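Asks: what would the 3D arrangement of this be:
(one chain, ligands or ions: 2)
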Amino acid sequence: MNSPSAARAGTYQISGVSALEILDSRGRPTVQAAVELADGTVGVAGVPSGASTGSREAVERRDGDKSRYKGLGALGAVDAAGGEIADRLRRQGWRDQAEIDAALIELDGTQNKDRLGANAIVGVSMACARALALADGRELWDWLTPDGVTPRLPVPHFNVINGGAHAANPLDFQEFMIAPVGAGSLREAVRAGAEVYATLRSLLASKGHATGLGDEGGFAPQVAEPEEVLDLLVTAIGEAGYVPGRDGVAIALDPAASEFRGDDGRYHVAGQDLTSADMIERYAQIIEEFPVWSIEDGLAEDDWDGWAALTERLGERVQLVGDDIFVTNPAIITEAISRGIGNAALIKLNQIGTVTETLEAMAVCRRGGYAAMVSHRSGETPDTFIADLATGSGCGELKTGAPARGERVAKYNRLIEIEAAVPSIPYGLPAT
Ligand code: PGA
Ligand code: ZN
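Replies: Ligands and ions are numbered 1, 2, ... in the order given. As a prediction, the model looks like this:
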């Protein structure tokens with residue numbers, strides 16, 4: 001991070017940390033954290049929350065008091081931020097974000113951040129980053145740009161059909177995204193996403209499908225077969241006037257396979273029981289027939305052998321992104337790289353729990369030749385931190401839901417603002 005340097009040692013004095021229990025986009029409680037510096041600068045952050053979580057993610061602290069929000073209250077996390085964490089962060093001056101995050105990790109003292117709560121810790125960490133960037137007089141994306149990295153406006157991955165844990169339909173695959181890889185600018189990419197989305201709505205309606213939305217703003221039709229959805233997407237892309245594929249609008253999948261793998265080790269897709277090998281052949285067929293450029297969590301988080309076979313078979317032809325399997329954890333990604341598992345990592349701040357560890361996960365990807373895709377969670381707030389993170393890191397990829405629902409659109413609109421303010425930032429995937 002080319003932010004606060006040792007030359008400015010001890011320049012950041014935190015005068016206050018506070019938090020609120022607010023609602024996320026699913027109507028569940030989450031944390032909003034605020035950090036104030038002695039010069040009056042304030043940084044605020046909203047904490048996202050997932051539904052299809054990896055088992056090795058940092059752990060959200062929930063109150064468990066069934067009389068409030070069915071046990072999902074976040075008052076304990078709010079108290080931790082405003083109490084223990086505030087006490088610790090007020091105690092000394094801070095050199096940089098890394099020093100603050102190291103103190104948060106040490107204060108918590110657990111492997112998975114479940115004592116203070118990953119929701120408390122990540123909220124404070126993100127709010128600190130905002131406050132420090134403001135104090136430095138720099139835009140967050142700029143402040144988050146590591147030394148030697150060129151910022152890029154990411155290809156937005158619009159999740160236009162929702163299934164799995166995000167919708168009440170029979171679709172086992174969780175996310176079907178459209179990615180305007182071939183767009184000439186971020187603005188044009190957003191336009192492509194919104195136009196295909198609108199066309200898809202009409203197409204679904206014309207075929208008698210409901211056009212209600214899932215948690216991430218995509219449609220949630222009563223369709224079970226992934227290939228039927230892919231057919232609809234290709235039609236919608238063409239009808240909207242775009243070329244399906246990497247030169248125009250490509251497709252990305254997040255089956256989130258951990259969610260449909262049974263205790264028998266089989267994958268249950270649209271009434272079929274499939275082995276890892278069957279799943280790999282299914283994906284091979286899918287990328288043969290459809291312009292799918294990226295597959296996330298094609299196999300389950302505990303199926304490392306399957307992942308190795310999947311990577312061996314398709315890794316040269318398609319991006320294979322680890323989400324539940326890597327959980328933004330630098331150590332797990334390092335192991336995956338050494339074992340040839342996947343070729344890209346999904347990046348979620350709240351999976352690992354601090355800004356510094358998130359940046360480290362992305363640095364591990366860069367060093368290992370893995371791609372990285374920054375991501376929202378299915379439960380979100382209007383916070384747009386991830387738009388800045390995706391841009392500053394130069395990774396070239398962001399998934400943050402459909403071009404609908406305010407908490408998703410806010411991130412895309414933030415990218416539009418960044419592009420307008422600094423038109424020289426390139427758009428799109430980095431050259432490989
Ligand atoms: P989640 O889903 O936020 O519910 O975990 C997003 C994803 O699986 O990528
Ligand atoms: Zn995922």
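Asks: skip the chain neighbours and tell me the closest residue to residue 20.
Replies: Leaving aside its chain neighbours, residue 20 sits nearest to residue 32 (4.7 Å; criterion: CB to CB, 6 or more residues apart in numbering). For glycine as for every other residue, the C-beta is placed from the backbone atoms N, C-alpha and C.
Asks: in which helix or strand would I find that neighbour?
Replies: Residue 32 is located in strand 29-37, with elements delineated by DSSP states H and E.
Asks: residues near the residue nearest to residue 20, how many?
Replies: Neighbours of residue 32 under the rule other CB atoms under 10 Å: 21.
Asks: again with residue 228
Replies: Neighbours around residue 228, by other CB under 10 Å: 12.
Asks: secondary structure element for it?
Replies: helix 226-239.
Asks: got the contact list for that helix?
Replies: 160-161, 171-173, 176, 178, 196, 199-200, 203-204, 207, 221, 223, 243-244, 248-249, 251, 253, 255, 269-270, 286, 289-292 (CB atoms under 8 Å, 6 or more residues apart in numbering).
Asks: give me that answer again for 7 Å
Replies: Here helix 226-239 makes contact (CB atoms under 7 Å, 6 or more residues apart in numbering) with 161, 171, 173, 176, 178, 196, 199-200, 203, 223, 244, 249, 251, 286, 290.
Asks: quick revisit: which residues touch the residue nearest to residue 20?
Replies: Contacts of residue 32 (CB under 7 Å, 6+ apart): 19-20, 22, 44, 46, 123.
Asks: quick check, the residue in the chain closest to ligand 2?
Replies: In the chain, the residue found nearest to ligand 2 is residue 323; the distance is 3.5 Å by CB to the ion.
Asks: give me the average confidence score over stretch 175-189.
Replies: In this model, stretch 175-189 carries a mean pLDDT of 98.
Asks: oh, I was asking about stretch 256-263
Replies: 97.
Asks: near ligand 1, which residues of this structure show up?
Replies: Neighbours of ligand 1 within the chain, by CB under 6 Å from any ligand atom: 50-53, 254, 256, 323, 375, 377-378.
Asks: go again with 8 Å.
Replies: Contacts of the chain with ligand 1, taken as CB under 8 Å from any ligand atom, map to 48-54, 165-166, 174-175, 215-216, 254, 256, 296-297, 323-324, 346, 348, 375-379, 399.
Asks: re earlier: now, which of the contacts of helix 226-239 lie within strands?
Replies: 161, 176, 178, 251 (DSSP state E).
Asks: ok, and the closest non-adjacent residue to residue 353?
Replies: The spatial neighbour of residue 353 that comes closest, neighbours along the chain excluded (CB to CB, 6+ apart), is residue 58 at 3.8 Å.
Asks: pull the contacting residues for the one you found.
Replies: The neighbours of residue 58, taking CB under 7 Å, 6+ apart as the test, are 112-113, 118, 350-353.
Asks: and the residue nearest to residue 380 when sequence neighbours are not counted, what does it touch?
Replies: Sequence neighbours aside, residue 407 is the residue nearest to residue 380 in space, at 4.1 Å (criterion: CB to CB, 6+ apart). When contacts are counted by CB under 7 Å, 6+ apart, residue 407 touches 25, 380-382.
Asks: and residue 407, which of the three is it?
Replies: For residue 407, the assignment made with DSSP: H, G, I helix; E, B strand; the rest coil gives helix.
Asks: residue 146 too?
Replies: Secondary structure of residue 146, per three-state DSSP, is coil.
Asks: what's around it, how many residues?
Replies: Neighbours of residue 146 under the rule other CB under 10 Å: 16.
Asks: with residue 168 instead?
Replies: Neighbourhood size, residue 168 [other CB under 10 Å]: 10.
Asks: sheet partners, orientation included, of the lengthiest strand in the chain?
Replies: For the chain, the strand with the greatest residue count under DSSP E is strand 12-23. Next to strand 12-23 in the sheet, as set by DSSP bridges, lie strand 29-37 (antiparallel), strand 93-94 (antiparallel).
Asks: work out the gap between it and the centre of the chain.
Replies: 23 Å (CA atoms, centre = their mean, to the nearest Å).
Asks: buried set for that strand?
Replies: For strand 12-23, the neighbour count (16 or more other CB atoms under 10 Å) marks 12, 14, 17-21 as buried.
Asks: of these, closest to residue 421?
Replies: Nearest to residue 421 among the buried residues of strand 12-23 is residue 12, at 25.0 Å by CB to CB.
Asks: surely that closest one is in contact with residue 37?
Replies: Yes. Between residue 12 and residue 37 there is a contact under CB atoms under 7 Å: 6.2 Å.
Asks: overlap of the contact sets of those two?
Replies: In contact with both residue 12 and residue 37: residue 135, using CB under 7 Å, 6+ apart.
Asks: bridging residues for the spatially most central residue of the chain?
Replies: Geometric centre of the chain, nearest residue: residue 375, 1.4 Å, by CA atoms, centre = their mean. Per DSSP bridges, the residues bridged to residue 375 are residue 399.
Asks: report the separation between it and residue 321.
Replies: In this view, residue 375 and residue 321 are 9 Å apart by CB to CB, to the nearest Å.
Asks: get me the contact residues on the stretch 201-350 of the chain for ligand 2.
Replies: Within the stretch 201-350 of the chain, the positions adjacent to ligand 2 are 254, 256, 297, 323 by CB under 5 Å from the ion.
Asks: what's the closest non-adjacent residue to the second one?
Replies: In space, not counting the residues next to it along the chain, residue 256 is nearest to residue 174; the distance is 3.8 Å by CB to CB, 6+ apart.
Asks: what's near enough to touch that neighbour?
Replies: 52, 163-166, 254-256, 259.
Asks: from those, which ones fall inside strands?
Replies: In this view, these that belong to strands under DSSP E are residue 254.
Asks: who's in contact with residue 12?
Replies: Residues in contact with residue 12 (CB under 7 Å, 6+ apart) are 4, 37, 93-94, 132, 135.
Asks: out of these, which is nearest to residue 87?
Replies: residue 94 (14.4 Å).
Asks: give the bridge partners for that closest one, please.
Replies: Applying DSSP bridges, one finds that residue 94 bridges with residue 12.
Asks: who are the contact partners of the closest residue to residue 261 other than its chain neighbours?
Replies: Nearest residue to residue 261, sequence neighbours excluded (CB to CB, 6+ apart): residue 300, at 4.1 Å. With contacts taken as CB under 7 Å, 6+ apart, residue 300 has the following neighbours: 257-258, 261.
Asks: most neighbours among the residues you listed, please name it.
Replies: Most crowded among those, counting by other CB under 10 Å, is residue 257 at 30 neighbours.
Asks: measure that residue to residue 185 for me?
Replies: 34 Å.
Asks: test my guess that residue 24 contacts residue 381.
Replies: Yes. Between residue 24 and residue 381 there is a contact at 5.8 Å, judged by CB under 7 Å.
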